[in-house]
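# have a look; sequence and predicted model below, questions after that.
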Amino acid sequence: MWPSSYFHWLTKSVPTGSVEIYPEISDTYETNLPNVFIIGDLTGVPLLKLAAESGVKVWEHIRENKADCFDAVIIGSGPAGLSCAYEANKLGKKYVVLEANLPFQTIQSYPKNKPIFAEPKEIESLSKIKIQNSTKEELLEYLNLLLKKEPIELQLGKRVTSIEANGSLYIVKTESGDSYLTNSVVIAIGKSGDPKRLGVAGESSPSVFYRLFDPYDAKEKSVAIIGGGDSAVEAAIACSSYANEVCLIHRGKNLQRPKAENLNRLKNLIEEGKVKLLLESEVTEISEKNIFVKTQSSAVKFKSDLVYILIGTTPPIPFLKRLGIKIQNEKSLSDWLGFVSLFSFAALAYFGKASFYGPGWFSPLATSFGFISILSFTLFLFSKLKHGTGIFQPWVFIRNSYLLFAFLYFLFVYFSATYWNQIFLGKFPSFHYTMLYSLTILVFGIRRILIRKTDYVFYQTISLIFIQIFFLFLLPELILPALGDSGYLGSPEGYIRTEVFPNDAYWKAYGFILAWPLSMGVLYDGGITGFWLGYGILFSFGFIPFLVYRYGKGAYCGWICSCGGLAETLGDEHRQKMPHGKWAYRLEHSGQYILLIAFLLTLLKLVGVYGKGINTNLALSESVADSVKWIYDIVVDIGLAGIVGVGFYFLFSGRIWCRMFCPLASLMHIYAKFSKFRIFSDKKKCISCNICTKNCHQGIDVMGYASRGIPMDSVQCVRCSACVSLCPTDVLEFGQLTVSGIRYDSIQAKLRK
């Protein structure tokens, strides 16, 4: 069918990987529990050097201790925990390190002779622990020698069971019954929780293992290794020196995550016949001596004396939940109350501002949502106060105070105009809504500039702030009315007041930046003038295609669009909430259907407007369009763009409308298929940390591109730069495809701090 073929063309070969689940932490390593921090692998960056660095940096954010107790209880004695302890020694802090097993337990469990990479090379370590390129054994020797020469306050066999609040302090309790009163807690236990399982028959067989300890165990045996990451590739390389045969089985089309060195060694072993690689293959059963595999063409059986399932581990989420630590995208009661508050407020705002020129039932509907928003917001505040506000955080206070102000301000404006016949400042609610919209972009835009300290973000945010404030508020609401009243726009019969702003419709200034069909009024207009017909066609089908071809869809979505402006500012803190599941990837095609409806309605309208002078029967075309357009306005403009687009900000992401439903974005998806813009990756540097994918509020599996070293050509990209600027190993950069090769944009060099 043509729709499926069309959608396949739009998203051909686009990776659709998921996001790993981690605890929710701030930029200061702090969890939802005040002064409880998480460092190391559990931050989502699987690099030993950065883990050690986090142990140093976390002390910059631990509050001063004024009580007679530990300054910090450090849980875990890996590189992060050890580094944290040495920094505590340096600062003269009182601390203790609690370890459930032995020091460096995770490293101890690495396969024999596992290579250690000191990435990222350009970072100069501030930690006492200096990670160098080496092997597992060499690293352990170095760490044990360091621990022997410079001992720390380390207690072994202390498995933590709970962290209980005791006023502003915490009591850390262990399985053995010990308890520790502390000012703060630093969790550095790593992310190696339970191994992931295949879920096939025979998986519990004695010959099946989830970790490779010593490759010598494979001597003169047939070995099957399941997985496609570094661990699986390294295991295959190590076992090939001893085993009779090694078969590496992976369900994907490519080995997506191995480091370049490992991949080159594997290719050599495959050519030498020492390792057999099966891609796009799934294990269906494991018996005592055989493994059964389903490939693309057939079902086969391989001899297997040993089976290693190395498909990763799950983070210790249950343990963290028991401690009361919030997990990313996990919704609490207060989250749902906050969502209902914002969603109902968005419904009040959009139906409320439209009630003065829309159907009569808009007003009671808006009022109902207003009361729901008041009730849910009250319950939300009660829930927050009941559980305590934690440590005072200036930005959180400013953010919440502003949102409360905007909430109460619009409630006052709407109820005054609707029920008390008081038009505040002589302006209808639509004016005040636009003012708040622009003010919100200004306030949160300043915050984004201060937090995301890159030249790219600075210029992009300045562009968004200026365009929204000038074109959506100052120009149509203040400047043009003042100029018109003063006669500077000419006479009522002049060109400006008949062609550009007919009947003083200054709201048409929105059309200067909001192209069709995001703003349907640019072309869908019963009294459309020659100016707007020409400008609308040139802007939507001339300028924007050129812009997308040269710089990608994000040149409009990330630098000009009002929806993008709000998403990049108000939604910046919530970009990690964009869903990445299968349903989300299917739903993102919805905008294509809305685009088709918008095109048909506009075509019918224009045919009716220009055709009725030729044939009166064509006037029916306009009436048919108008009979459907009011439904389109309610469902798309008010429902999806407004209520859903704004109401889902803190539950999902600020880009739900942009990704799923926006018809202009869907039109630009077509343009983007021919664009020269790409995000290029240096595969050798990629550590598969998933930070790029996690921070993409368009739901793109950026890591799926980066780990394979292929240019990112997803039509969803809005060029926000989050994936580029947040990558810990500088894997990604903006660029353009050329006939002769690749040419990088000059602005990408200024992306970093």
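It's in.

# where does the stretch 201-350 of the chain dip in pLDDT?
Applying pLDDT under 70 to the stretch 201-350 of the chain flags residues 256-257.

# tell me which stretches of it form helices.
According to DSSP state H, counting those that start in this stretch, the stretch 201-350 of the chain carries its helices in the segments 230-239, 260-271, 317-323, 333-354.

# just the buried positions in the shortest one, please.
Neighbour counts using 16 or more other CB atoms under 10 Å place 317, 320, 323 of helix 317-323 among the buried residues. In short, each C-beta sits where N, CA and C put it, glycine included.

# ok, back up a step: tell me which of the helices of the stretch 201-350 of the chain sits most buried.
When neighbours are counted by mean count of other CB atoms under 10 Å, the highest per-stretch mean among the helices of the stretch 201-350 of the chain falls to helix 230-239, a mean of 25.

# now for that one, which elements pack on it?
Contact here means 3 or more CB pairs under 8 Å, 6 or more residues apart in numbering; DSSP states H and E; on that basis helix 230-239 packs against strand 222-226, strand 245-249, helix 260-271, strand 306-309.

# in its sheet, what does the shortest one sit against?
In its sheet, strand 306-309 lies beside strand 208-209 (parallel), strand 222-226 (parallel), with partners assigned from DSSP bridges.

# pretty sure Gly527 sits against Ala505.
No. If you go by CB atoms under 8 Å, Gly527 and Ala505 don't touch, sitting 9.2 Å apart.

# who has more neighbours, these two?
Each of Gly527 and Ala505 had its neighbours counted (other CB atoms under 10 Å), and the higher figure belongs to Ala505 (15 against 9).

# surely Asp730 is in a strand?
No. When DSSP: H, G, I helix; E, B strand; the rest coil is applied, Asp730 is found to be coil, with no strand at that position.

# hmm, back to that, would you turn the helices of the stretch 201-350 of the chain into JSON lines with distance to Phe213?
Output for those, formatted as JSON lines (distance: least, CB to CB, whole Å):
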{"stretch": "helix 230-239", "distance to Phe213": "10"}
{"stretch": "helix 260-271", "distance to Phe213": "19"}
{"stretch": "helix 317-323", "distance to Phe213": "24"}
{"stretch": "helix 333-354", "distance to Phe213": "42"}
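
# which one of the ones you listed lies closest to Gln592?
Each of these was checked against Gln592 via CB to CB, and the shortest separation belongs to helix 333-354, namely 23.7 Å.

# what helices or strands is the closest one leaning on?
helix 362-386, helix 394-419, helix 429-451, helix 645-647.

# same thing but 6 Å
Using 3 or more CB pairs under 6 Å, 6 or more residues apart in numbering; DSSP states H and E as the contact criterion, the secondary-structure elements in contact with helix 333-354 are helix 362-386, helix 429-451, helix 645-647.

# a markdown table for the ones you listed, including distance to Thr738, mean neighbour count and mean pLDDT?
Compiled in a markdown table, the helices and strands packed on helix 333-354 are given as follows (distance: least, CB to CB, whole Å; neighbours: other CB atoms under 10 Å; pLDDT from 0 to 100):
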| stretch | distance to Thr738 | mean neighbour count | mean pLDDT |
| --- | --- | --- | --- |
| helix 362-386 | 52 | 17 | 89 |
| helix 429-451 | 32 | 20 | 94 |
| helix 645-647 | 36 | 24 | 90 |
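
# from the rest of the structure, what touches stretch 207-226?
Residues outside stretch 207-226 that contact it (CB atoms under 6 Å, 6 or more residues apart in numbering) are 109, 111-112, 195, 232, 235-236, 238-239, 242-249, 283, 291, 303-309.

# so which of the helices and strands packed on helix 333-354 gets nearest Ser83?
Distances from Ser83 to each of the helices and strands packed on helix 333-354 were compared by CB to CB, and the smallest falls on helix 429-451, at 25.5 Å.

# please, which helix or strand holds Phe37?
In this assignment (DSSP states H and E), Phe37 forms part of strand 36-38.

# what does that strand rub up against?
Under the contact criterion CB under 6 Å, 6+ apart, strand 36-38 has outside partners 23, 25, 29-31, 58, 185-187.

# and that strand, which residues are buried?
Neighbour-count burial for strand 36-38 [16+ other CB under 10 Å]: 36-38.

# ok, stretch 43-61 next?
By neighbour count on 16+ other CB under 10 Å, the buried set for stretch 43-61 is 43-59.

# with just CA atoms, put that stretch into PDB.
Extracted in PDB, the C-alpha atoms of stretch 43-61 (Å, rounded to 0.1, in the frame of the first residue of the first chain):
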ATOM      1  CA  THR A  43      25.200   8.500  35.800                       C
ATOM      2  CA  GLY A  44      24.900   6.800  32.400                       C
ATOM      3  CA  VAL A  45      28.600   7.300  31.200                       C
ATOM      4  CA  PRO A  46      30.400   4.000  31.200                       C
ATOM      5  CA  LEU A  47      34.000   5.400  31.300                       C
ATOM      6  CA  LEU A  48      36.400   4.700  34.100                       C
ATOM      7  CA  LYS A  49      38.100   8.000  33.800                       C
ATOM      8  CA  LEU A  50      34.900  10.000  34.000                       C
ATOM      9  CA  ALA A  51      33.700   7.800  36.800                       C
ATOM     10  CA  ALA A  52      36.800   8.800  38.800                       C
ATOM     11  CA  GLU A  53      36.300  12.400  37.900                       C
ATOM     12  CA  SER A  54      32.700  12.400  39.200                       C
ATOM     13  CA  GLY A  55      34.100  11.300  42.600                       C
ATOM     14  CA  VAL A  56      36.100  14.600  42.700                       C
ATOM     15  CA  LYS A  57      33.400  16.900  41.300                       C
ATOM     16  CA  VAL A  58      30.600  15.700  43.600                       C
ATOM     17  CA  TRP A  59      32.300  17.400  46.500                       C
ATOM     18  CA  GLU A  60      31.600  20.700  44.900                       C
ATOM     19  CA  HIS A  61      27.900  20.200  45.600                       C
END
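
# which parts of the stretch 551-700 of the chain are strands?
For the stretch 551-700 of the chain, the strands defined by DSSP state E, counting those that start in this stretch cover 677-681.

# over to the stretch 101-250 of the chain?
Applying DSSP E, counting those that start in this stretch to the stretch 101-250 of the chain gives strands spanning 115-116, 134-135, 154-156, 160-166, 169-174, 179-182, 185-187, 208-209, 222-226, 245-249.

# in terms of pLDDT, where does Gly390 sit?
pLDDT, the model's per-residue confidence, is 55 for Gly390.

# next, count neighbours for His589.
Counted with other CB under 10 Å, the burial measure for His589 works out to 17 neighbours.
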